[in-house]
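Enquirer: everything below, folded, please.
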Amino acid sequence: MRRQRNVKIVATLGPSSNDYDTIRALSEAGADVFRLNMSHGDHEEIRARHAIIRKVEIDLGRPIAILADLQGPKLRVGKFANEAHDLEDGDKFRFDLKDAPGDGQRVQLPHPEIFAALEPGAELLVNDGKIRLVVEDCGSDFADCVVKVGGTISNRKGVNVPDVVLPLAALSPKDRRDLEFACELGVDWLALSFVQRPEDVLDARELTKGRAAILSKIEKPAAVKAFADILAVSDGIMVARGDLGVELPVQNVPPIQKRLVRACRAAAKPVIVATQMLESMIESPMPTRAEVSDVATAIYEGADAIMLSAESAAGQYPVDAVTTMDNVAREVESDPTYREVMNASRSGAKQTVADAIVSAAREIAETTDIKAICCFSESGTTALLTGRERPQVPIIAMTSQKGTARRLCLSWGMHCVMTGDVDRFKMAVVNAARAARTHGFATEDDQIVVTAGIPFNQPGSTNILRVAPCEERLIFNTDPE
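Expert: Next comes the predicted model:
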């Protein structure tokens, strides 16, 4: 099950992919991480999918990461007496708190927090931005608007408020229940929706109590503005281009994506590029050329992972979608231009001993005949730093912590291998050489680079590097310990 690429693939599970055979086929086709969307399906359905993934993990003999995506607070209008109304450009329309069916002049917006934050001139977007209104007057329980872009407004359509930071917590009561359920279930990553400020992430971290890593979804303008602070308190990032493209002009999204991906790489934190990557494959066995270029662009930018949503969850060709992503990734990563981009975008700052060790490992591997970099990492930090270097040779991340191995499945270039507890560097080298041979990265005639921290089992202690032969007898005969 060795991958012939470095970028990872995240596949969302749903009605089209909720049985053992399909989930196994998705993993064999190239899915490294499975996303459980907490917006769809009850807890028992989520529990059943989780159990199937873990069964596939055992049967295939490789770690698999599970990402639970929390819904976040959903802002929606109320219901209409006639279910829907057409709004024309220039029409006047009111949103209010009245619990009465809507008509052509008004509808309930049951979110007093929105009215508390609105000001004249603010935009309200309805139905994924298809309808745009501008606030002319507002108070604590109403907002009088003029329609700038008309359309049909109907029951329970979503509302976006891009111009203001809403006084809403990222975690709704439902999210808090889902978070506890997912943590008890044993997911590896939690994706946090509706993030606006770093405090949203810290609230979720307090609730998770270290049971899962936190991935912040960047989908609001406020999150883009506060990105540096949000990144600092997050374990990973998702560039959620769907809502970003609703709340911001669509032409703003590509440069934002590029900036966010580069910032995540500099911080050695994994970043997923998501939304509509192969949208046409929901109904077609072949993607469009534009979609293939979009996937390729994210890979050229250095994203850790690319994600399928409805394509694998509800589409007619879930396995084909994963296979397509895998094929695109292999082709891009074999392009000499890709290597040039990765080298040119590498950060030059070396602030710690661990930074220097992983940088040296990459340089040695690329200037001599080294087949792989084997890094021992209990917390995952050393592996992430190694991945930040984007080396030309494979990375074998070795850990005794099953949770670490699973979480690293989201990160660029990681081939995760479970190893027993190691208390001496000699045994670390022996285990690394065995792993390199067993997983097809090297033969007994080859050499690898091994990095580790002495003393062992202390996160952040990486301080030793060795070029080692893969022939087990030579290891014991030459190691000075």
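Enquirer: can you name the next helix or strand after the helix ranked longest in the chain?
Expert: Ranked by residue count under DSSP state H, the longest helix found in the chain is helix 43-60. Sequence order places strand 65-69 as the next helix or strand after helix 43-60, per DSSP states H and E.
Enquirer: and that next one with helix 43-60, angle?
Expert: 160 degrees (axes from the mean of the first three to the mean of the last three CA atoms, to 10 degrees).
Enquirer: so what secondary structure elements neighbour strand 65-69?
Expert: Strand 65-69 sits against strand 33-37, helix 43-60, helix 173-185, strand 189-192, helix 402-407, with contacts defined as 3 or more CB pairs under 8 Å, 6 or more residues apart in numbering; DSSP states H and E. (Each C-beta comes from the backbone N, C-alpha and C, glycine too.)
Enquirer: partners of the shortest one, with directions?
Expert: Strand pairing for strand 189-192, determined by DSSP bridges: strand 65-69 (parallel), strand 213-218 (parallel).
Enquirer: quick one: the spatially closest residue to residue 197 that is not a sequence neighbour from residue 142, how far?
Expert: Spatial nearest neighbour of residue 197, excluding adjacent residues (CB to CB, 6 or more residues apart in numbering): residue 226 at 5.6 Å. Distance, residue 226 to residue 142, using CB to CB, to the nearest Å: 29 Å.
Enquirer: follow-up on the earlier one: the residue nearest to residue 197: what's it in contact with?
Expert: 196-198 (CB atoms under 8 Å, 6 or more residues apart in numbering).
Enquirer: looking at those residues, which has the most residues close by?
Expert: residue 196 (21 neighbours; other CB atoms under 10 Å).
Enquirer: show me what contacts the closest residue to it other than its chain neighbours?
Expert: Nearest residue to residue 196, sequence neighbours excluded (CB to CB, 6+ apart): residue 222, at 4.2 Å. Shown in contact with residue 222 (CB under 8 Å, 6+ apart): 165, 196-197.
Enquirer: and residue 222, that one's in a strand?
Expert: No: looking at residue 222 with DSSP: H, G, I helix; E, B strand; the rest coil, it is helix, so not inside a strand.
Enquirer: which ones are touching the residue lying closest to residue 288 once chain neighbours are set aside?
Expert: The shortest distance from residue 288 to any non-neighbouring residue, by CB to CB, 6+ apart, is to residue 280 (5.2 Å). Contact analysis of residue 280 by CB under 8 Å, 6+ apart lists 286-288, 291.
Enquirer: pull out the buried members of the residues you listed.
Expert: 287, 291 (16 or more other CB atoms under 10 Å).
Enquirer: and the contacts of residue 280 as CSV, adding distance to residue 466, pLDDT and secondary structure?
Expert: Shown next, in CSV, are the contacts of residue 280 (distance: CB to CB, whole Å; pLDDT from 0 to 100; DSSP: H, G, I helix; E, B strand; the rest coil):
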residue, distance to residue 466, pLDDT, secondary structure
286, 48, 97, coil
287, 45, 98, coil
288, 48, 98, coil
291, 44, 98, helix
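Enquirer: closest to residue 218 among the contacts of residue 280?
Expert: residue 291 (21.3 Å; CB to CB).
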